[in-house]
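Participant: the amino acid sequence is not available; the structure is as follows:
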């Protein structure tokens with residue numbers, strides 16, 4: 001079995017290596033995972049003694065646990081489970097030597113995992129969550145200079161043709177299972193506040209003001225509506241959301257501009273849950289700063305003059321209405337191939353000459369007009385709409401592609417806070433992109449359909465995994481213990497001890513040769529066959545006595561029955577190895593089949 005043990009350990013390390021592909025190596029734990037894998041591989045290559053081989057399995061198990069602390073999605077979880085099972089199988093194979101086949105070793109390894117599952121569930125439910133051991137500084141916009149779909153800079157005038165990128169960007173499922181209304185399908189990501197006359201940029205915030213908690217619930221119950229997000233890897237250090245609700249404060253923060261940012265800058269796929277709190281967000285009510293009115297003088301003189309003409313109107317609402325009226329009275333057209341704007345006075349050329357562009361042109365020009373009119377304004381980029389997918393597995397979800405990238409404006413209105421305005425909707429074409437289509441497998445390639453089914457499973461797993469966050473656990477502990485939390489530690493230790501005892505007992509029962517219940521069914525089938533031949537077991541009679549009585553009564557199959565009884569006793573009581581047990585099973589079935597065949601011939 002030593003060769004099989006080696007292959008099981010190699011396969012376990014292979015599962016760990018596959019899990020490295022989804023890790024973010026800007027985080028220390030990712031390097032720890034890679035280091036454990038390298039150490040285990042080197043040890044396996046040079047191991048000669050049993051303790052050294054045991055160490056390989058131990059490193060595999062630790063590596064699976066470290067990866068599990070970083071990735072909770074479905075595919076990484078399956079890889080971690082596979083690596084753990086193979087690590088246990090390799091360890092068991094080393095201990096039993098050639099006593100079991102590799103299939104039996106895998107079965108017993110899975111049995112060990114199942115025995116440990118209740119203990120893991122108790123620890124997952126009852127052990128309180130803790131803050132991260134370390135956090136990477138939240139470097140805003142790091143490495144976001146070249147992004148397909150979204151970028152920390154918005155310069156629509158430099159783009160002559162906007163090509164579609166249909167690659168996946170994110171997926172979101174809703175606890176209600178219903179598609180939100182079109183007006184609610186704006187998913188904000190980046191806020192652009194700095195304007196140099198041509199391009200918009202994110203504004204650098206002081207480090208002590210970048211991140212604030214995402215809000216708190218006065219009621220920790222987890223029965224509120226929620227969204228589960230799975231976002232593909234992106235160098236943009238901000239995540240899509242609808243701008244309301246509360247995310248896990250140990251994982252995410254909302255900055256003063258309303259951007260949802262991870263505590264640790266990450267370049268890997270991310271999963272998170274956002275709960276609806278039903279209360280206004282601090283960022284929505286944050287008073288505007290002088291930066292929200294900055295407009296380089298003379299950069300677009302016609303635009304500045306038009307905006308200044310609305311300053312005579314008394315309220316921001318009236319200036320906003322004047323801007324909308326002006327846009328709708330012009331012949332603006334939505335186009336994804338408008339041609340590049342001139343480097344100087346580009347927005348003037350868009351507003352007063354070409355009047356053709358995509359969402360970035362409209363958001364940029366309208367926001368600048370509002371600032372010229374004395375209304376605080378900024379540009380927001382994110383996603384609009386999406387495709388509503390109803391998979392066979394899991395709940396329906398909204399599929400967002402890079403082609404759903406969109407830009408709009410936000411203006412500050414006294415008493416209302418920051419309000420979303422989408423000026424590209426005022427153009428004459430195309431049809432609204434907010435309408436999400438109903439996805440069906442019959443109108444999509446098979447590969448896309450299979451991908452949607454897998455994503456449905458992935459989201460269902462993520463909703464279960466992420467749904468039990470700190471608030472959900474607090475609600476459970478409150479229901480179970482109330483204010484008597486001092487008993488929590490004793491309950492956890494008692495439950496773990498009891499479950500370990502039950503698990504060990506179950507494993508010992510599994511190791512009993514032959515498992516009597518299965519053998520009993522085989523015996524009953526044999527006795528039924530003998531009864532059909534007129535030979536019935538008497539009360540208190542053993543199988544050996546039955547075989548002897550059959551021989552004395554000149555039963556025609558007495559010798560065959562004697563062999564069957566000996567084979568049954570061997571399977572039930574003999575300490576057989578894996579190959580020996582397979583041979584004994586084959587002999588039992590052969591003898592029983594021969595007895596049935598002879599009965600048919602006799603009839």
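Facilitator: Good, I have the coordinates. What you are looking at is a predicted structure, and each value in this text was computed from that prediction instead of being measured.
Participant: residue 490 falls within a strand, correct?
Facilitator: No - counting by DSSP: H, G, I helix; E, B strand; the rest coil, residue 490 falls outside a strand, being helix.
Participant: next, count neighbours for it.
Facilitator: By the criterion of other C-beta atoms under 10 Å, residue 490 has 9 neighbours. Yep, even glycine has a C-beta here, placed from its N, CA and C like the rest.
Participant: need the pLDDT of it.
Facilitator: Listed pLDDT for residue 490 reads 74.
Participant: ok, residue 59 next?
Facilitator: Listed pLDDT for residue 59 reads 86.
Participant: the one 5 residues further on now?
Facilitator: Confidence at residue 64, expressed as pLDDT, is 81.
Participant: which ones are touching it?
Facilitator: 16, 80-81, 83-84, 87 (C-beta atoms under 8 Å, 6 or more residues apart in numbering).
Participant: please repeat the previous calculation with a cut-off of 6 Å.
Facilitator: Taking C-beta atoms under 6 Å, 6 or more residues apart in numbering, we find residue 64 in contact with 80, 83-84.
Participant: helix/strand/coil for it?
Facilitator: helix.
Participant: and the gap between it and residue 377?
Facilitator: 50 Å (C-beta to C-beta, to the nearest Å).
Participant: same check, this time on residue 348
Facilitator: The value you get for residue 348 to residue 377, if C-beta to C-beta is used, is 18 Å.
Participant: what does residue 331 give?
Facilitator: In terms of C-beta to C-beta, residue 331 sits 24 Å off from residue 377.
Participant: the more surrounded of the two?
Facilitator: residue 377 (28 against 8).
Participant: so that one bridges to which residues?
Facilitator: With DSSP bridges applied, residue 377 shows beta-bridge pairing to residue 411.
Participant: separation between it and residue 570?
Facilitator: The gap separating residue 377 from residue 570 is 87 Å, by C-beta to C-beta.
Participant: and the strands in the stretch 401-550 of the chain, which stretches?
Facilitator: In the stretch 401-550 of the chain, the segments counted as strands under DSSP state E, counting those that start in this stretch are 405-413, 417-421, 438-439.
Participant: include mean neighbour count and distance to residue 262 when you put those into a markdown table, please.
Facilitator: Output for the strands of the stretch 401-550 of the chain, formatted as a markdown table (neighbours: other C-beta atoms under 10 Å; distance: least, C-beta to C-beta, whole Å):
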| stretch | mean neighbour count | distance to residue 262 |
| --- | --- | --- |
| strand 405-413 | 23 | 20 |
| strand 417-421 | 18 | 23 |
| strand 438-439 | 16 | 29 |
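Participant: and those as CSV, adding mean pLDDT?
Facilitator: Output for the strands of the stretch 401-550 of the chain, formatted as CSV (pLDDT from 0 to 100):
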stretch, mean pLDDT
strand 405-413, 93
strand 417-421, 95
strand 438-439, 44
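Participant: make JSON lines out of these and add distance to residue 31.
Facilitator: Compiled in JSON lines, the strands of the stretch 401-550 of the chain are given as follows (distance: least, C-beta to C-beta, whole Å):
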{"stretch": "strand 405-413", "distance to residue 31": "33"}
{"stretch": "strand 417-421", "distance to residue 31": "40"}
{"stretch": "strand 438-439", "distance to residue 31": "40"}
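Participant: nearest to residue 196, of those?
Facilitator: strand 405-413 (16.8 Å; C-beta to C-beta).
Participant: and the closest one, how far out from the chain middle?
Facilitator: 30 Å (C-alpha atoms, centre = their mean, to the nearest Å).
Participant: who are the packing partners of it?
Facilitator: helix 359-372, strand 377-384, strand 417-421 (3 or more C-beta pairs under 6 Å, 6 or more residues apart in numbering; DSSP states H and E).
Participant: between these, which gets nearest to residue 323?
Facilitator: When the helices and strands packed on strand 405-413 are ranked by proximity to residue 323 (C-beta to C-beta), helix 359-372 comes first, at 5.7 Å.
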